[in-house]
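Undergrad: heads up, no residue letters with this:
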């Protein structure tokens with residue numbers, strides 16, 4: 001989500017400590033690997049304080065990431081040292097589970113090195129996940145139980161000024177190098193900033209925690225928190241966001257790339273960086289052209305399914321007519337925000353009741369519905385998942401967008417809930433957090449293609465579980481499957497094949513039944529997070545292929561519940577590693593070679 005280090009002497013000492021154990025690797029590889037995993041994870045939490053807060057580690061609640069060039073260089077060097085130490089540990093001297101950990105550590109650390117090398121921070125202006133969104137959402141997952149917690153929160157608010165200035169400096173350097181954001185992203189971000197800056201400090205989302213009553217606090221403690229946070233917002237945060245707005249409007253907007261050249265291929269070095277991001281997001285070595293062709297095949301397959309189901313449910317097999325009816329009939333859309341929220345709660349409750357029949361591994365952490373805040377909703381996606389705190393202090397949240405309810409289709413609500421909550425993200429992520437015997441980084445990090453592939457797989461699984469209410473809801477399932485297939489086409493089209501923003505919007509409008517406002521926000525999200533959209537369909541296809549392989553080799557001995565447990569029991573591993581583990585599981589279950 002977000003990203004720090006002291007002086008040169010400390011950096012040298014840190015590097016020496018990182019490299020020292022490598023010479024002893026042969027003496028006790030398992031011990032050295034465990035130490036390295038802990039070094040990596042503790043370093044990650046120090047360098048990415050908001051990630052620490054997200055999982056419930058409160059040690060760094062008073063700070064933010066150092067995104068200056070020097071800070072990013074230190075983090076890259078730290079990660080490179082982790083990779084070097086891990087490679088120096090002899091794989092054949094480790095037990096099977098430790099070999100998996102070694103491979104996962106190398107992949108995870110190298111992935112973050114590659115992300116830094118891609119230099120997205122030099123040009124990215126993101127209306128859905130920039131500082132104007134990330135910082136305003138802090139209240140949703142920061143635990144403030146004591147006055148000391150409140151002091152840390154105020155300190156973090158004051159750190160936002162230097163952070164935003166670093167962001168501005170990075171964008172200025174990128175602009176000088178010919179790297180600049182696309183115009184629509186800048187315009188949407190300016191809308192967000194104008195909206196925020198129109199409010200007095202006391203009304204900012206950042207200040208919400210200071211309005212909450214805490215029974216164990218005195219009135220003086222409450223007043224002190226509110227006063228200090230309001231002052232920090234007024235004196236530091238608001239001026240910083242004002243500087244950001246003025247910089248974007250005066251310098252970035254006039255130079256911003258038009259919608260016809262919105263993708264990475266129009267940036268210096270963008271094509272190479274995008275190919276690197278394909279691997280970091282999917283764990284696969286695939287070309288944009290291969291993925292584009294796969295997407296076209298998947299879109300055609302799902303369109304055929306939609307045509308067949310449309311004949312049963314709507315009396316027409318014409319996909320364009322199906323889309324027209326679903327998009328234009330007011331009865332197909334929600335009427336109020338309350339309806340959107342209530343549908344999400346009812347769907348989640350039904351899924352919770354059904355999962356014991358399909359999973360042996362079940363999370364202890366609860367999942368609850370939470371409505372996306374008004375400041376974030378207009379430019380963000382239709383929903384997302386926020387993981388629980390690892391210490392149990394906060395449940396997982398299915399974050400639902402109830403803004404503009406008359407544009408939210410009823411028939412997509414169930415597939416959306418199954419993906420983001422149960423049996424999708426909450427089940428997989430909360431189980432991973434609670435796994436025992438794994439190093440911390442494997443419980444909280446992992447490959448996007450596994451995480452999102454599982455979420456997409458869960459939408460189809462929910463149909464097998466009998467969770468969809470009717471034919472229209474199953475049309476929503478197919479719309480969502482087509483949506484993820486379109487992502488392969490559109491993401492590669494935008495970032496590698498020279499597509500315009502409008503071309504991407506038109507393609508998705510023609511091949512899904514998503515509402516137009518959702519399509520527009522989605523395309524802008526792909527522009528703001530290159531390569532991430534590829535993960536869903538690639539992960540889903542691999543999980544389905546492994547399930548088919550297991551069923552074929554095990555025959556009557558195939559147990560879907562045991563298969564699911566085998567997929568989830570190692571955390572979010574790379575797709576090639578998942579294949580190795582499932583093939584080993586098939587053999588252990590007595591499958592035919």
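TA: Noted; the coordinates are in hand. All figures in this text were calculated on a predicted structure; none of them were measured in a lab. Numbering: from 1, shown residues only.

Undergrad: switch to C-alpha atoms for all contacts and neighbour counts from now on
TA: Noted.

Undergrad: now the helices: where do they sit in the stretch 351-500 of the chain?
TA: Using DSSP state H, counting those that start in this stretch, the helices of the stretch 351-500 of the chain run over 413-420, 425-434, 440-444, 448-464, 471-495.

Undergrad: who does the fourth one touch, helix- and strand-wise?
TA: The elements that helix 448-464 packs onto, with contact taken as 3 or more CA pairs under 8 Å, 6 or more residues apart in numbering; DSSP states H and E, are helix 270-282, helix 413-420, helix 425-434, helix 471-495, helix 535-554.

Undergrad: and the longest one, by the same measure?
TA: Packed against helix 471-495, as judged by 3+ CA pairs under 8 Å, 6+ apart, are the following elements: helix 270-282, helix 288-313, helix 413-420, helix 448-464, helix 501-511, helix 516-528, helix 535-554.

Undergrad: make TSV out of the ones you listed and add mean pLDDT, distance to residue 170 and mean neighbour count.
TA: Listed next are the helices and strands packed on helix 471-495 as TSV, based on pLDDT from 0 to 100; distance: least, CA to CA, whole Å; neighbours: other CA atoms under 10 Å:
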stretch	mean pLDDT	distance to residue 170	mean neighbour count
helix 270-282	96	17	21
helix 288-313	97	28	18
helix 413-420	97	33	26
helix 448-464	97	26	24
helix 501-511	97	25	18
helix 516-528	92	16	21
helix 535-554	97	28	20
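
Undergrad: so for residue 432, which of these sits nearest?
TA: Smallest distance to residue 432 across the helices and strands packed on helix 471-495 (CA to CA): 10.5 Å, for helix 448-464.

Undergrad: any idea how far the nearest residue to residue 252 once chain neighbours are set aside is from residue 114?
TA: Nearest residue to residue 252 in three dimensions, chain neighbours excluded: residue 180, at 7.0 Å (CA to CA, 6 or more residues apart in numbering). Distance of residue 180 to residue 114, computed by CA to CA, to the nearest Å: 20 Å.

Undergrad: higher neighbour count, the two?
TA: Counting neighbours by other CA atoms under 10 Å for residue 180 and for residue 114 shows that residue 180 has the greater number, 26 against 17.

Undergrad: out of the helices and strands packed on helix 448-464, flag the one nearest residue 296.
TA: Taking CA to CA, helix 471-495 is the member of these nearest to residue 296, at 6.4 Å.

Undergrad: give me the mean pLDDT for the closest one.
TA: Throughout helix 471-495, pLDDT has a mean value of 96.

Undergrad: for that helix, buried residues please.
TA: Using 16 or more other CA atoms under 10 Å as the test for burial, helix 471-495 gives 472-495.

Undergrad: which SS class is the residue nearest to residue 391 when sequence neighbours are not counted?
TA: Excluding its sequence neighbours, the residue lying closest to residue 391 (CA to CA, 6+ apart) is residue 56, at 6.0 Å. Following DSSP: H, G, I helix; E, B strand; the rest coil, the label given to residue 56 is coil.

Undergrad: residue 56: neighbouring residues, count only.
TA: Neighbour number of residue 56 under other CA under 10 Å is 20.

Undergrad: so it sits against residue 390, correct?
TA: Yes: at 5.6 Å, residue 56 counts as touching residue 390 under the criterion of CA atoms under 8 Å.

Undergrad: which residue ranges form the strands in the stretch 151-300 of the chain?
TA: Applying DSSP state E, counting those that start in this stretch to the stretch 151-300 of the chain gives no strands.

Undergrad: residue 478 against residue 300, yeah?
TA: No: using CA under 8 Å, residue 478 makes no contact with residue 300, being 11.8 Å away.

Undergrad: and the residue nearest to residue 206 when sequence neighbours are not counted, its phi and psi?
TA: Of all residues not flanking residue 206 in the chain, residue 136 sits nearest, at 5.2 Å (CA to CA, 6+ apart). Dihedral pair for residue 136: phi -70, psi -20, per degrees, to the nearest 10.

Undergrad: can you give me the neighbour number for residue 136?
TA: Neighbour count for residue 136, taken as other CA under 10 Å: 20.

Undergrad: from memory it sits against residue 205, does it?
TA: Yes: at 5.5 Å, residue 136 counts as touching residue 205 under the criterion of CA under 8 Å.

Undergrad: would you mind measuring from residue 68 to residue 243?
TA: Where residue 243 is concerned, residue 68 sits at a distance of 17 Å (CA to CA).

Undergrad: picking up where we left off before, out of the helices of the stretch 351-500 of the chain, which gets nearest to residue 313?
TA: For residue 313, the closest of these is helix 471-495, at 5.8 Å, according to CA to CA.

Undergrad: now that closest one, how far from the centre of its chain.
TA: Distance of helix 471-495 from its chain centroid, counting by CA atoms, centre = their mean, to the nearest Å, is 18 Å.

Undergrad: and the helices of the stretch 351-500 of the chain as a markdown table, adding distance to residue 279?
TA: Below are the helices of the stretch 351-500 of the chain laid out as a markdown table (distance: least, CA to CA, whole Å):
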| stretch | distance to residue 279 |
| --- | --- |
| helix 413-420 | 23 |
| helix 425-434 | 21 |
| helix 440-444 | 19 |
| helix 448-464 | 10 |
| helix 471-495 | 13 |
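
Undergrad: and residue 2, what pLDDT?
TA: pLDDT at residue 2 comes out at 30.

Undergrad: enumerate the positions of stretch 234-242 that are buried.
TA: In terms of neighbour count (16+ other CA under 10 Å), stretch 234-242 has its buried residues at 234, 236-238, 240-241.

Undergrad: tell me how far the residue positioned nearest the centre of the chain lies from residue 540.
TA: Centroid-nearest residue in the chain, with CA atoms, centre = their mean: residue 448, separated by 7.6 Å. For residue 448, the distance to residue 540 equals 11 Å [CA to CA].

Undergrad: equivalent analysis for residue 547, please.
TA: 11 Å.
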